[in-house]
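S.K.: Got a predicted structure plus its sequence, pasted below:
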Amino acid sequence: MNTYTPQPRSTPQFFLQSALSFGAASVGVGAGIVFLPVDLWIRAFLGMGLLYVITSTFTLAKCVRDRQEDALAAEAAQHYQQVPIWSGGEQPRP
């Protein structure tokens, strides 16, 4: 019997590219905020805003992923509920 092995959703190269892109964007915006020629409290406010956007983006991505996985699980459960189960007590009809 063959065992099911799920296919990865993305390649390791794509994951590396997205991680590096995220890091470069975060560092770039952070450096822009640090070197902005304004008062410290304005830079602190912008920095906290940047951190809030980053954390809310991760949370939203997780919620979207969870909803997609729940929809797939519900579809699989619906499929398996429709499959008849033979208990072995009676012969199946031809």
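M.R.: Received the coordinates, thanks. Numbering: from 1, shown residues only.

S.K.: name the helices or strands packed onto the helix or strand that contains S21?
M.R.: Element membership for S21, per DSSP states H and E: helix 12-34. Under the contact criterion of 3 or more CB pairs under 8 Å, 6 or more residues apart in numbering; DSSP states H and E, helix 12-34 touches helix 40-81. For glycine as for every other residue, the C-beta is placed from the backbone atoms N, C-alpha and C.

S.K.: what packs against the helix it packs on?
M.R.: Helix 40-81 packs on helix 12-34, going by 3+ CB pairs under 8 Å, 6+ apart.

S.K.: Show me which residues of the helix it packs on are buried.
M.R.: 29, 33 (16 or more other CB atoms under 10 Å).

S.K.: Same check on stretch 31-46?
M.R.: Applying 16+ other CB under 10 Å to stretch 31-46 flags 33, 43, 46 as buried.

S.K.: Please verify my assumption that the last one contacts L36.
M.R.: Spelled out, that is L46. Yes - counting by CB atoms under 8 Å, L36 is a contact partner of L46 at 7.2 Å.

S.K.: about what we covered before: mind putting the buried residues of stretch 31-46 into a markdown table with distance to A25?
M.R.: Formatted as a markdown table, the buried residues of stretch 31-46 follow (distance: CB to CB, whole Å):
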| residue | distance to A25 |
| --- | --- |
| I33 | 13 |
| R43 | 18 |
| L46 | 15 |
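
S.K.: residues contacting the residue lying closest to G30 once chain neighbours are set aside?
M.R.: With sequence-adjacent residues excluded and distances taken as CB to CB, 6 or more residues apart in numbering, G30 is closest to L50, at 6.5 Å. Residues near L50 by CB atoms under 8 Å, 6 or more residues apart in numbering: 26, 29-30, 33.

S.K.: Can you tell me which of those residues comes closest to K62?
M.R.: K62 lies nearest to S26 out of the contacts of L50, by CB to CB, at 17.9 Å.

S.K.: The lowest-mean-pLDDT helix or strand in the chain relative to helix 12-34, how many degrees between them?
M.R.: When the helices and strands of the chain are compared on mean pLDDT, DSSP states H and E, helix 40-81 comes out lowest with a mean of 90. Angle between the axes of helix 40-81 and helix 12-34 is 160 degrees (criterion: axes from the mean of the first three to the mean of the last three CA atoms, to 10 degrees).
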